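*Asks:* Turn this into a model:
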Amino acid sequence: MKVQITNKEIWSIAIPIMLGNIAQTIINFTDTAFLGHLGVIELGASMLAGLFYFVFTTIAAGFAIGIQIIIARRFGEGNYGRVGVIFEHGSFFVLFLGALLFSILYFFSDALLGWLIESPNIYSASLDYIKYRQFGIIFVCFNFLFRGLYIGISNTKAITYSTIIMAVVNIFLDYCLIFGKLGFPEMGIGGAALASLCAEISALIFFVTYSYITLKDKHFGMFKIHKLESELMKRILRVATPTMVQKLFSFGVWFLFFIMIEKMGETATGISSIVRSIYMILVTPCFAFATTTNTLVSRTIGTGHPDQVFGTIIKIIKNCLICTMPIILILAIIPIQVISIYTEDSNLAMLAIPSIYVICVSSIFQVVGNSYFEAVSGTGNTSAALYLEAAILVIYTLYVFMMTHVCNGVQWVWTAEILYGGLLAIVCYMYMKLAKWKEKRI
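*Replies:* Next up, the predicted model:
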């Protein structure tokens, strides 16, 4: 049977998701670019404290992916009236989750960061960052939930608009609060955190307003009071819990990656802060198309055409490579010019170049690996996705530990990303070929 998903459909979903992903990338980019002119301490602290914060937000991101998968399945089935019911149940859980995560951040951040970070200078600056950023956790949780809704119903314009708002607010307030411009106080790294908090709040205000205007009178059942269904809540948690654990585990290991690099010294940490920011730009298309894979696989199964799944995955990978390769080539040709955006230290810039070449190669592996991984999640078997990635992350962590203790150059540690992407591609492809995912019901 001819594959029904067209390139136009893929791009119509992927581009707004890409723009949505760019929101966090822009926040990271502007924070790193501005703070890089203050010094390597601020660079390292913003990276480690920011990653520490995102470890908690990924739990909410995992739950939102579970909601997204179920909404996409109901949407594919044409059961539109259930969308609002599912979203309402998700909102109750997200409110509880956000309050819990904020409590952990508020009461335990000092002790946890003190235990993880070796440099007293980076630790002190990290506390200045997290004391403002922690207040954004509940807003981020709801932002993820709204993104899951709009991706699930394949109507992602709202994500584009929210991204523009977040970017404008963050860039403007970064400039004002980090350096004390236009009458604002000079707050340094704390100003970057406060700017990010304001950007997250502005995005949620937009999502609520936009959704009320555009979805209230539609057949999705939004902004109505529905009866609490314990069976639906159980089904949501059955799908979402593995993705929550998987995202926590995955990003927790990513955070551990930088903690191990921090032990190599402040220069290695500063280099990795720059490389991470550039890497997040490189893989933005990868994550957007991977999320598209998740949605379209779930929707395709929902329409009763599981035989079209593999053709859809291949088509998405090809489109993602078309989007990614020009960025990789530009970065590989002019790495020093890109790095100079972040720092005026020419020695630091030269030391970062080998790691830049490593992430250029890694990005290609990530495109294939993440597409097949999200296809596994899109089948609804999120537990399998959790187990597969957990096994890979164990190997990844051991490899990073070895590289940080055996090699002097931080670029060798970054080769772990190539290993991760390659293993993810192999094991998830084998799962999609051999497992009985067509019978999965959610």
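*Asks:* buried set for stretch 263-281?
*Replies:* Neighbour-count burial for stretch 263-281 flags 264, 266, 268-281 (criterion: 16 or more other Cβ atoms under 10 Å). C-beta coordinates here come from the backbone N, C-alpha and C atoms, glycine included.
*Asks:* any idea which of those is least confident?
*Replies:* pLDDT across the buried residues of stretch 263-281 is lowest for E266, at 76.
*Asks:* Torsion angles phi and psi at G304?
*Replies:* With angles defined as degrees, to the nearest 10, G304 sits at phi 90, psi 30.
*Asks:* returning to what we had before: please flag which of the buried residues of stretch 263-281 sit within helices.
*Replies:* Among the buried residues of stretch 263-281, the members found in helices (DSSP state H) are 266, 268-281.
*Asks:* Burial check on I314, number of neighbours?
*Replies:* For I314, the tally of surrounding residues (other Cβ atoms under 10 Å) stands at 12.
*Asks:* Could you tell me the per-residue confidence at it?
*Replies:* The model's pLDDT for I314 equals 91.
*Asks:* Now do the helix or strand hosting it: which elements does it pack against?
*Replies:* Element membership for I314 (DSSP states H and E) is helix 309-333. Helix 309-333 makes packing contacts with helix 7-35, helix 266-282, helix 284-302, helix 346-378, helix 416-434 when contacts are defined by 3 or more Cβ pairs under 8 Å, 6 or more residues apart in numbering; DSSP states H and E.
*Asks:* With respect to I70, which of those lies nearest?
*Replies:* Closest to I70 of the helices and strands packed on helix 309-333 is helix 284-302 (Cβ to Cβ; 8.3 Å).
*Asks:* Tell me how many other residues crowd S119.
*Replies:* 18.
*Asks:* From G252, how far off is it?
*Replies:* For S119, the distance to G252 equals 21 Å [Cβ to Cβ, to the nearest Å].
*Asks:* Residues contacting stretch 405-422, please?
*Replies:* If you take Cβ atoms under 8 Å, 6 or more residues apart in numbering as the criterion, stretch 405-422 is touched by 257, 260-261, 264, 268, 271-272, 275, 279, 351, 354-355, 357-359, 361-362, 364-370, 392-393, 395-396, 399-400, 403-404.
*Asks:* Pull out the buried residues from those residues.
*Replies:* Applying 16+ other Cβ under 10 Å to those, the neighbour count classes 257, 260-261, 264, 268, 271-272, 275, 279, 351, 354-355, 358-359, 361-362, 364-370, 392-393, 396, 400, 403-404 as buried.
*Asks:* mind listing what L112 touches?
*Replies:* Residues in contact with L112 (Cβ under 8 Å, 6+ apart) are F52.
*Asks:* Local confidence estimate at it?
*Replies:* The model reports L112 with a pLDDT of 88.
*Asks:* downstream neighbour of the helix ranked longest in the chain in the secondary structure list?
*Replies:* Identified as the longest helix of the chain according to DSSP H is helix 40-77. Next along the chain after helix 40-77, taking DSSP H and E as the criterion, comes helix 82-116.
*Asks:* Which residues belonging to that next one are considered buried?
*Replies:* Residues 82-91, 93-94, 97-98, 101-102, 105, 109, 113, 116 are the ones in helix 82-116 that count as buried (16+ other Cβ under 10 Å).
*Asks:* repeat for stretch 178-198
*Replies:* For stretch 178-198, the neighbour count (16+ other Cβ under 10 Å) marks 178-179, 184, 187-198 as buried.
*Asks:* likewise stretch 404-423?
*Replies:* Residues 404, 410-423 are the ones in stretch 404-423 that count as buried (16+ other Cβ under 10 Å).
*Asks:* mind checking the SS state of M187?
*Replies:* Using DSSP: H, G, I helix; E, B strand; the rest coil, the structure places M187 in coil.
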